[in-house]
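> Structure, please.
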Amino acid sequence: MKLGLQLGYWGSEPPADGNVKLAQEAEALGFDSVWTAESWGNDVFTPLAWIGAHTTRIKLGTALAQLSARTPTACAMSALAIDRLSGGRMILGLGVSGPQVVEGWYGQPFDKPLARTREYVDIVRQVLRREGPVSNPGPHYPLPYTGPGALGVGKPLKANTHPLRADLPIYLGAEGPKNVAQTAAIADGWLPIYYNPFRPDIYADQLKDAKPGFEIAPLVMVNIHDNLQKALLPQKMALAFYVGGMGAKEHNFHKNLMGRMGYEAEAEKIQELFMAGRREEAVMAVPDPFADEISLCGPKERIKERLQVWRDSPATTLLVMGTGGAQMLRDMAEITL
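Next up is the predicted model:
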């Protein structure tokens, strides 16, 4: 079992020192990777490059780079550059985000997310392989572009900077069954936001075609505290926000996933309360068993015992985040590594 540090995205201000000390601590403890994220504030690549410049060994991952934030070739350029500068430590994690962000922030259509993902990944791989000029017939990312407004002089191009690795790993964030199945077919790894090692049957059929070496790196909230109820509270707050309000009422992938995990009625209630402005009640409506199954919370000895379920699952890396700062990293390294 490998450990990764998920730093997430910034709030209203950047974290102190850009999370450099925390990433350096993770590297010194033997963590395998460190990951950044983006929503509608900081971008995902700049903090990662900053951290990469202050570390030497730890792998550098994006979880997630949003597809609509940049074209496939622009994304490949960023991944290529960080991989070269870091000496081959880059992992490119991609995700479609949701319609509220894609259409409201990026001004892009959200239709056909699976088809868009397939095209996107294929173009990125073309750039990294550098076997010839990059081209794509579309319909989502046509290269060269010949649609409205085109001058008709575009031509396929090949990256003038040679990528360090043609096989730079690409992971995908996916929640829906079809999206997870496609991830197993076209990507090198999967980044689930919620993973339930106690119910592996939820994913078994979707992952049956994964190739050997396929990585599964779930996000895992860690909160070490002697009182389990208090330890679960940060996870419940996060779930209330994502299940209740991160997405439109009819298009919330997190809520749908919670339903598929056996908590459909509870997910409906959380969304109802959250959208009514009753956010504290929404937090309390999150079932303790669900929050507990997808996280590692409670006393250190309890976490050590429950880690065995994760070890026995298909998960290969735990991307940990939560309260406790460097001490949490030291405790997890002691327990896990």
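> residue contacts, the residue nearest to the spatial centre of the chain?
The C-alpha lying nearest the average C-alpha coordinate of the chain belongs to residue 63 (Cα atoms, centre = their mean; 3.3 Å). By Cβ atoms under 8 Å, 6 or more residues apart in numbering, the contact list for residue 63 reads 6, 35, 36, 37, 93, 171, 173, 191, 217, 219, 319. Placement of C-beta: from N, CA and C, glycine included.
> hmm, which of the residues you listed are the buried ones?
Burial by neighbour count, judged by 16 or more other Cβ atoms under 10 Å, picks out 6, 35, 36, 37, 93, 171, 173, 191, 217, 219, 319 from the contacts of residue 63.
> Hmm, residue 216 and the last one touching each other?
No - under the criterion of Cβ atoms under 8 Å, residue 319 makes no contact with residue 216, lying 10.5 Å away.
> Could I get the contacting residues of residue 329?
5, 22, 25, 26, 29, 31, 320.
> Check residue 30 too.
3, 333, 337.
> What's the per-residue pLDDT of residue 260 here?
Per-residue confidence (pLDDT) for residue 260: 87.
> Point me to the helix or strand that includes the nearest residue to it once chain neighbours are set aside.
In this structure, residue 260 finds its nearest non-sequential neighbour in residue 202, 6.4 Å apart by Cβ to Cβ, 6 or more residues apart in numbering. Remark: residue 202 resides in helix 201-204, with elements defined by DSSP states H and E.
> in that helix, what counts as buried?
Quick answer for helix 201-204 (16+ other Cβ under 10 Å): 202, 203.
> which stretches of the chain form helices?
Using DSSP state H, the helices of the chain run over residues 20-29, 45-53, 72-86, 99-104, 113-129, 177-186, 201-204, 228-245, 253-258, 264-275, 279-285, 288-293, 300-312, 325-336.
> so what's the residue nearest to residue 198 when sequence neighbours are not counted up against?
Among residues not flanking residue 198 along the chain, residue 293 sits closest, at 5.0 Å (Cβ to Cβ, 6+ apart). By Cβ under 8 Å, 6+ apart, the contact list for residue 293 reads 196, 197, 198, 199.
> again, but for residue 100
Residue 100 touches 247, 248, 251, counting by Cβ under 8 Å, 6+ apart.
> So the first one versus residue 254, what's the distance?
With the distance defined as Cβ to Cβ, to the nearest Å, residue 247 ends up 7 Å from residue 254.
> show me what contacts the residue lying closest to residue 48 once chain neighbours are set aside?
Nearest non-adjacent residue to residue 48, counting by Cβ to Cβ, 6+ apart: residue 36, 4.6 Å away. Each residue near residue 36 by Cβ under 8 Å, 6+ apart is listed here: 7, 8, 9, 44, 45, 47, 48, 51, 61, 62, 63.
> Then residue 162?
Contacts of residue 162 by Cβ under 8 Å, 6+ apart are residue 130.
> mind giving me the domain split of this structure?
Domain ranges of the chain: 2-220+299-336, 226-298, per automatic domain parsing.
> so where's the stretch 1-150 of the chain shaky on pLDDT?
Within the stretch 1-150 of the chain, no stretch has pLDDT under 70.
> State whether residue 83 and residue 90 are indeed in contact, as I suppose.
Yes - Residue 83 is within contact range of residue 90, at 3.8 Å (criterion: Cβ under 8 Å).
> Please enumerate the shared neighbours of these two.
By Cβ under 8 Å, 6+ apart, the residues touching both residue 83 and residue 90 are residue 168.
> what about those two, which has more around it?
residue 90 (26 against 21; other Cβ atoms under 10 Å).
> Please give me every residue in contact with that one.
So residue 90 contacts 59, 60, 61, 79, 82, 83, 168 (Cβ under 8 Å, 6+ apart).
> hmm, 6 Å instead?
60, 79, 82, 83, 168 (Cβ atoms under 6 Å, 6 or more residues apart in numbering).
> Looking at those, which one is closest to residue 236?
Residue 236 lies nearest to residue 60 out of the contacts of residue 90, by Cβ to Cβ, at 30.5 Å.
> give me the number of residues near the closest one?
24.
> how far does stretch 283-301 sit from the chain's center?
When distances are taken as Cα atoms, centre = their mean, to the nearest Å, stretch 283-301 is centred 20 Å away from the chain's centroid.
> Show me what counts as buried in it.
Buried-residue list, stretch 283-301, by 16+ other Cβ under 10 Å: 283, 285-287, 290-298.
> go on, stretch 101-119?
Buried-residue list, stretch 101-119, by 16+ other Cβ under 10 Å: 101, 102, 103, 106, 108, 110, 113, 116, 117, 119.
> more crowded one of residue 247 and residue 254?
Neighbour tally, residue 247 and residue 254, criterion other Cβ under 10 Å: the higher count belongs to residue 254, 23 against 20.
> my read: residue 247 touches residue 98, true?
Yes - with contacts counted by Cβ atoms under 6 Å, residue 247 reaches residue 98, the gap being 4.8 Å.
> ok so, going back, dump the buried ones among the contacts of residue 63 to JSON lines, plus distance to residue 140.
Shown next, in JSON lines, are those (distance: Cβ to Cβ, whole Å):
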{"residue": "6", "distance to residue 140": "29"}
{"residue": "35", "distance to residue 140": "26"}
{"residue": "36", "distance to residue 140": "26"}
{"residue": "37", "distance to residue 140": "23"}
{"residue": "93", "distance to residue 140": "20"}
{"residue": "171", "distance to residue 140": "20"}
{"residue": "173", "distance to residue 140": "18"}
{"residue": "191", "distance to residue 140": "22"}
{"residue": "217", "distance to residue 140": "26"}
{"residue": "219", "distance to residue 140": "27"}
{"residue": "319", "distance to residue 140": "29"}
